[in-house]
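Visitor: Model the structure of this input:
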Amino acid sequence: MNLRHIEIFHAVYVNGSVSAAARALNVSQPSVSKTLRHAESLLGFELFQRTNGRLVPTEDAHALFSGVAEIQDRVRALREAGRNLRAGAGATLRISALPSLALGVIPAAVARFLKQRPDVRFDLQTVHHDDLLRKLYEREADIAIANEVPRGAPLGQSWLGEGELVVLYREQDIPDAPARLELAQITGHPFITLAASGPIGRLFTDELERLGVEFDEVASARTFYIAAALVRAGVGLTIVDNFTADATRGDGLAVRSLKPPLTFDVHAIHLLDRPPSALAAEFLSVLGDVIEGR
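Guide: Below you'll find the model as predicted:
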C-alpha cells in the first residue's frame, strides 16, 4: 500500500462510506472506490463489507487501522510543518539552557522575541552541563545555551555574550560594602560553596587556589538557585553568576562584582549537521542582546 491507498482506507474507515470519504478528501466517489479496490487487490483480502448501505470494516481492516492511523498522523504533521515553513509561522524553537540562564535571561529574550514574532512557539528546558550533549544527540533540543562548549564532539557554536561571577549577600551582613569586593574581604562570613557546579564552579575554585583563599563553608549547593535561596534564608553569602543574581535578587539582598573580575563566555551550541535555522539565528541575536544588556 502506498500513501494514497492509506489515505483512502483511513478516510473510508473513519467516515463509514465512500461518499463521505470523498467529501472529506474533496475528491470524486469513483476515485475513492477505484483506489480502495486497488488496495484490496494488493493486500489480497477485503477491507470492507457492504451492510445496510454502509461499509463495515472487516477484522483485517481493524487490525490494519492502528498502524494506518499512526502513519496518517505523521503525514498530517509533515504537511503542517511544510505549510509552517512556507509561511514562516508556527515554527517551534527547542532550546535547552543551564538553569542559571533558563530562569532569567531566556524568559526575557523569549518575551522580547515574541513581540516581534508572535507566531513562533518555544519548547524550553533546563539542562545541566553534563547532559548537554545527550539533549542534542537525542534531538530533545536543537540548541543548547551554556558557558562552555564540550570538547571532542562534532559541535558548532556561536558566542552570545559574557557573564561574570558576583557576590550575593544580605545587606545586613555587609552593610557598608564597596562597589567591588575582593574574595579576601568576605572570608570571615559563612559561605555557601558552588565548587561542584560545572565549568563556572571550576573557574571559581581555580581562582581560590590562585589566591590561596579559604572560606568558612557551611553548605554546598549544586545549583546557583539553591545557593541564592540559602542566602535569602540567612545561611550565609555566596558567589553566583550575574544572571542568577539579577533573577533572584529581592528585598534585603545585594550584589557586588568581584575585584578582580571573574568573567565567562555564554555560547549557543548545536550539532554540526544540524545548524540553527534562520529563525533560530534570529532568536539567538535577541538572546545575545539580552545577555549583553542591550
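Visitor: Contacts made by the host helix or strand of Ala280 with the rest, please.
Guide: For Ala280, the element it lies in under DSSP states H and E is helix 278-291. For helix 278-291, contacts defined as C-beta atoms under 8 Å, 6 or more residues apart in numbering pick out 88, 91, 93, 95, 105-106, 108-109, 112-113, 116-117, 120, 142-143, 145, 158, 160-163, 243, 266, 268, 276. Just so you know, the C-beta spots here come from the backbone N, C-alpha and C atoms, and that holds for glycine as well.
Visitor: Tell me which of those residues fall in strands.
Guide: Leu93, Ile95, Ile143, Ile145, Ser158, Leu160, Gly161, Glu162, Gly163, Val266, Ala268 (DSSP state E).
Visitor: what's the distance between the helix or strand hosting His10 and the middle of its chain?
Guide: If you go by DSSP H and E, His10 is part of helix 3-15. Its chain's C-alpha centre and that of helix 3-15 lie 36 Å apart, by C-alpha atoms, centre = their mean, to the nearest Å.
Visitor: That helix: which residues count as buried?
Guide: Judged by neighbour count using 16 or more other C-beta atoms under 10 Å, the buried positions of helix 3-15 are His5, Ile6, Glu7, Ile8, Phe9, His10, Ala11, Val12, Tyr13, Asn15.
Visitor: before we move on, the earlier item: so among the contacts of helix 278-291, which ones count as buried?
Guide: 91, 93, 95, 105-106, 108-109, 113, 120, 142-143, 145, 160-161, 163, 243, 266, 268, 276.
Visitor: If I follow the layout properly, Leu124 ends up in contact with Ile95?
Guide: Yes: with contact taken as C-beta atoms under 8 Å, Leu124 and Ile95 are classed as touching, separated by 5.6 Å.
Visitor: tally of neighbours for Asp131?
Guide: As a burial measure, Asp131 scores 16 neighbours (other C-beta atoms under 10 Å).
Visitor: returning to what we had before: any shared contact partners between Leu124 and Ile95?
Guide: In contact with both Leu124 and Ile95: Ile106, using C-beta under 8 Å, 6+ apart.
Visitor: okay, which residue of the protein is out on the far edge from center?
Guide: Asn52 (53.0 Å; C-alpha atoms, centre = their mean).
Visitor: Please work out how many residues are found near Leu42.
Guide: Neighbours of Leu42 (other C-beta under 10 Å): 10.
Visitor: Look at it and give its secondary structure.
Guide: helix (DSSP: H, G, I helix; E, B strand; the rest coil).
Visitor: measure it to Thr58 for me?
Guide: 15 Å (C-beta to C-beta, to the nearest Å).
Visitor: and what of Ser19?
Guide: Applying C-beta to C-beta to Ser19 and Thr58 gives a distance of 20 Å.
Visitor: go on, Ile174?
Guide: Counting by C-beta to C-beta - Ile174 and Thr58 are separated by 80 Å.
Visitor: and what of Val18?
Guide: For Val18 relative to Thr58 (C-beta to C-beta), the value is 16 Å.
Visitor: With Ala254 instead?
Guide: 75 Å.
Visitor: who's more crowded, the two?
Guide: Ala254 (19 against 15).
Visitor: Helix or strand: which one has the more buried one?
Guide: strand 253-258.
Visitor: Identify all contacting residues around that strand.
Guide: 164-171, 174, 177-183, 231-232, 239, 242, 245-246, 249.
Visitor: So which of the residues you listed belong to strands?
Guide: Glu164, Leu165, Val166, Val167, Leu168, Tyr169, Arg170, Arg180, Leu181, Ile239.
Visitor: can you list the domains in this structure?
Guide: Domain assignment of the chain by the TED database yields the ranges 3-86, 92-161+266-292, 164-264.
Visitor: what's the spacing between Phe48 and Val14?
Guide: 12 Å.
Visitor: likewise Arg76?
Guide: Relative to Val14, Arg76 is positioned 13 Å away (criterion: C-beta to C-beta).
Visitor: same deal with Ser96?
Guide: 38 Å.
Visitor: Likewise for Leu230?
Guide: 57 Å.
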